[in-house]
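S.K.: just the structure for this:
(chains A and B, ligands or ions: 2)
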Amino acid sequence: MGETRAKIGTWLGFLLILVWCLLPVVWIISLSFKGPTETAAGSPQFLPKEPTLQNYSDIIDNPDFKDSLINSFGIAAISTFLSVILATLAAYAIARLDFKGKRLVLSIALAIAMFPVVALVGPLFDLWRTLGLFNTWPGLIIPYMSFTLPLAIWTLSAFFREIPWEMEQAAQVDGATSWQAFRKVIVPLAAPGVFTAAILTFFFAWNEFVLALSLTSTTQARTVPAQLSFFVGPDPFNPPYGQLATASVVVTVPIIVIVLLFQRKIVAGLTSGAVKG
Amino acid sequence: MSRLAAIDMKNIVKEYGDGFLAVNDVSIDVQDGEFMILVGPSGCGKSTLLRMIVGLEDITGGEMMIGDKLVNDLAPRDRNLAMVFQNYALYPHLTVYENIAFPLRLAHVPDAEIDRKVRDASKTLELDEHLDRKPGNLSGGQRQRVAMGRAIVREADAFLFDEPLSNLDAKLRGQMRTEITRLQKRLGITTVYVTHDQTEAMTLGDRVAVLKRGVLQQLATPRELYENPCNLFVAGFIGSPPMNFLPATVEGNTVKLPFGAVDVPPERAEKAAGKGLLMAGIRPENFEDASVRTDKGGGSTFRAEVDVVEWLGNETYAYIPYEAPPEVEAQLRQLERDLDGETMHTQLVVSLDGSSRIKAGEDAEIWVDGRKVQLFDPASGDNLTVDLDNAGRIPVHGTQQAAQSGAAG
Ligand SMILES: Nc1ncnc2c1ncn2[C@@H]1O[C@H](COP(=O)(O)OP(=O)(O)OP(=O)(O)O)[C@@H](O)[C@H]1O
Ligand SMILES: [Mg+2]
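M.R.: Ligands and ions are numbered 1, 2, ... in the order given. Next up, the predicted model:
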């Protein structure tokens, strides 16, 4: 009796959270299929009256959007790649070696992660202009890396700590150098951690707005979230809601695909069976 | 392929970073092809010693020789030893085949040769049908065999085992024990095997090194350890059920025990004469039901009330409680701590013939073999009646010497 009630309660809560989270997403998707007349209407209905693909073809033909999409991909991918490599090496050292100042490194990393991005915009703007990094890919990649590295290092060192020391020692006894043991045993075992760190980094770079807006001036380096704010349309009092929604959908899809692709990898208990079960 | 792979440890010391002395002045010479057991209660430094042999732990002091090479400062991969870890340490992301092939791949052995060697090993270990599986899906015994496979493909100079059977259930453990003996005899490879299980120590080893708190107590064959333990610790550790320890005083050629007097051979009595209160060590099987025993020569009989009787078919265990004076009681408690929680009751455990009709609560007549009685100094724990010619090597330690002279003075 009490059990069924608890079950019903669980499902109710579940449903509530689902609606709460998904409603805006569904709303945006629905918007992306509406024509301009419908979005401009005073009280639009939830589902499009006359579903149209016009927004999608418009956005694909928009060269600014295409450029910013390429920028987004390139910048996010490069920062992820570099950040994960650096974080893997750093996290391994932190998890395995006993060196002076280890705690200091970890606390500084944490402090950086907590640093408000907005506070950096001004100084970075000046600095980048002097160094010629303004409105370039590296100009965004560098700050993205420094903001994602701490998180990646923390996640990865937690993963490395989980891997039994003996894995590595076994490899060394089997004839591996430290580097071989790291590459052939530790990294494959830490794969779920590496993927987690990679996805977190990618998301950050992909979604970041403030820096992308302030450190760029043209579509040479501007990413999609920043570019979206430049979608004004012909009438300044009537923003192209349909197109904005479509752009949102287009940038969200890759994220969902990535999550679905790597979800298994992240969840897979790859270390199971390493030691006695 | 005959290479000298003796392992010679000379005065090995290990002090951990926190100042803990885990291994203290241990010297063990493992002969080429010998099966050497390191045994002792938990925390006595067995694993530490093994890891120093293989190179996973720095050596604080002493010399580690493999063959005629000093290896103190060599990295593990330069020592050419194969090790089976306590929890196997298989690579979970690789198949059984690749796990076994791993050391060969690192050595850049040609693929064809790898394949031949891996299949050889898997045949020996009956792993053929599991070669494509991941270790995570194997049973404990299968994992254990994969770990062995990874060790034997190598043609290493020696095998090192760290409690390889401790994760298996009793039956499998018995099987694998025979398996390991067979394999070792066939390959004739020098082996050092760590265990805290005295059955494994007795059955597997050519020689056994007994350690206590990082100090080598005795290095001898299983038989020598059993018949001539150098002190209370070794006597209590080797044998199951353990040796009985009773308060005793020697008068002439008789030893006075709580139950009565037992005649012992004069040369034994002589070694223990005039030492006051001693501890007598008598193994359970050195007792017998007096009505079953026909030849009563060399021993004495006594009467005692039996508390509990356990009949096992081929033999019977009878338990006889006794009172111990405080000195003996204290020594027994100390021994209990040293032996890692094995409880030393002030009760006699005697193993009688299965045909014995003695019942619980009965006043029984028990025969005891006086020739097998060992006498220990309760202060130092040393065996006074040890036959040094048949006791292997008993290292002399500063602390024990001090205890001896203290007891004498
Ligand atoms: N890294 C370390 N730092 C400090 N002390 C250690 C370290 N590793 C082990 N010790 C100590 O050294 C002693 C011996 O440890 P070791 O692992 O060799 O014991 P063992 O005989 O293998 O015991 P077990 O049967 O439980 O495996 C223990 O008392 C342990 O506390
Ligand atoms: Mg151990």
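
S.K.: any idea of the pLDDT on residue B:354?
M.R.: Looking at residue B:354, its pLDDT reads 89.

S.K.: thought it was touching residue B:309?
M.R.: No: with the criterion set as CB atoms under 8 Å, residue B:354 and residue B:309 do not qualify as a contacting pair; they are 11.7 Å apart. Just so you know, the C-beta spots here come from the backbone N, C-alpha and C atoms, and that holds for glycine as well.

S.K.: joint contacts of these two?
M.R.: residue B:316 (CB atoms under 8 Å, 6 or more residues apart in numbering or on different chains).

S.K.: show me which of these two is the more surrounded one.
M.R.: Comparing residue B:354 with residue B:309 by neighbour count (other CB atoms under 10 Å in any protein chain shown), the higher total belongs to residue B:309, at 18 against 12.

S.K.: may I see the buried residues of stretch A:147-157?
M.R.: Residues of stretch A:147-157 classed as buried under the neighbour-count rule (16 or more other CB atoms under 10 Å in any protein chain shown) are A:147-157.

S.K.: who's in contact with the residue in the stretch 51-200 of chain B positioned nearest to ligand 1?
M.R.: When scored by CB to the nearest ligand atom, the stretch 51-200 of chain B has residue B:196 as its residue closest to ligand 1, at 4.7 Å. Residue B:196 makes contacts with B:39-42, B:46, B:163, B:166, B:340, as judged by CB under 8 Å, 6+ apart.

S.K.: could I get these as JSON lines with distance to chain A, pLDDT and neighbour count?
M.R.: Written out in JSON lines, the entries for the contacts of residue B:196 read as follows (distance: CB to the nearest CB, whole Å; pLDDT from 0 to 100; neighbours: other CB atoms under 10 Å in any protein chain shown):
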{"residue": "B:39", "distance to chain A": "21", "pLDDT": "95", "neighbour count": "25"}
{"residue": "B:40", "distance to chain A": "21", "pLDDT": "92", "neighbour count": "29"}
{"residue": "B:41", "distance to chain A": "21", "pLDDT": "91", "neighbour count": "19"}
{"residue": "B:42", "distance to chain A": "17", "pLDDT": "90", "neighbour count": "9"}
{"residue": "B:46", "distance to chain A": "16", "pLDDT": "94", "neighbour count": "26"}
{"residue": "B:163", "distance to chain A": "11", "pLDDT": "91", "neighbour count": "19"}
{"residue": "B:166", "distance to chain A": "9", "pLDDT": "86", "neighbour count": "15"}
{"residue": "B:340", "distance to chain A": "21", "pLDDT": "75", "neighbour count": "14"}
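
S.K.: among these, which are in helices?
M.R.: With helices defined by DSSP state H, the entries of the contacts of residue B:196 inside them are residue B:46.

S.K.: looking at the contacts of residue B:196, which one is closest to residue B:219?
M.R.: When the contacts of residue B:196 are compared for distance to residue B:219 (CB to CB), residue B:39 wins out at 10.8 Å.

S.K.: the closest one pairs with what?
M.R.: Beta-bridge pairing of residue B:39 under DSSP bridges involves residue B:195, residue B:210.

S.K.: give me the domain ranges for chain B.
M.R.: By the record's domain assignment, chain B is partitioned as B:7-224, B:231-386 (automatic domain parsing).

S.K.: pick out the shakiest of the ones you listed, pLDDT-wise.
M.R.: domain B:231-386 (a mean of 88).

S.K.: and it, end to end?
M.R.: Taking CA to CA, to the nearest Å, the span from the opening residue of domain B:231-386 to its closing residue is 9 Å.

S.K.: lowest mean pLDDT among the helices and strands, pick that one out for chain A.
M.R.: Among the helical and strand segments of chain A, the one scoring lowest on mean pLDDT, DSSP states H and E is helix A:36-40, with a mean of 77.

S.K.: which residues are in contact with it?
M.R.: With contact meaning CB under 8 Å, 6+ apart, helix A:36-40 is reached by A:31, A:44, A:48-50, A:238, A:240-242.

S.K.: following element in sequence after it, please.
M.R.: Once helix A:36-40 ends, the next helix or strand along the chain (criterion: DSSP states H and E) is helix A:54-61.

S.K.: reformat the contacts of residue B:196 as TSV; add distance to ligand 1.
M.R.: Converted to TSV, the contacts of residue B:196 look like this (distance: CB to the nearest ligand atom, whole Å):
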residue	distance to ligand 1
B:39	9
B:40	6
B:41	7
B:42	3
B:46	4
B:163	6
B:166	8
B:340	8
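
S.K.: as CSV, the contacts of residue B:196 with distance to residue B:208 would be great.
M.R.: Formatted as CSV, these follow (distance: CB to CB, whole Å):
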residue, distance to residue B:208
B:39, 6
B:40, 10
B:41, 14
B:42, 17
B:46, 12
B:163, 15
B:166, 17
B:340, 17
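
S.K.: what's the nearest residue to the residue most central in space within chain A if we skip its chain neighbours?
M.R.: Against the mean C-alpha coordinate of chain A, by CA atoms, centre = their mean, the closest residue is residue A:203 at 0.5 Å. What sits nearest to residue A:203 in space, not counting adjacent residues and going by CB to CB, 6 or more residues apart in numbering or on different chains, is residue A:255, at 6.7 Å.

S.K.: distance of the spatially closest residue to residue B:289 that is not a sequence neighbour relative to chain A?
M.R.: Leaving aside its sequence neighbours, residue B:289 sits nearest to residue B:356 (CB to CB, 6+ apart; 3.9 Å). Separation of residue B:356 from chain A (CB to the nearest CB, to the nearest Å): 42 Å.
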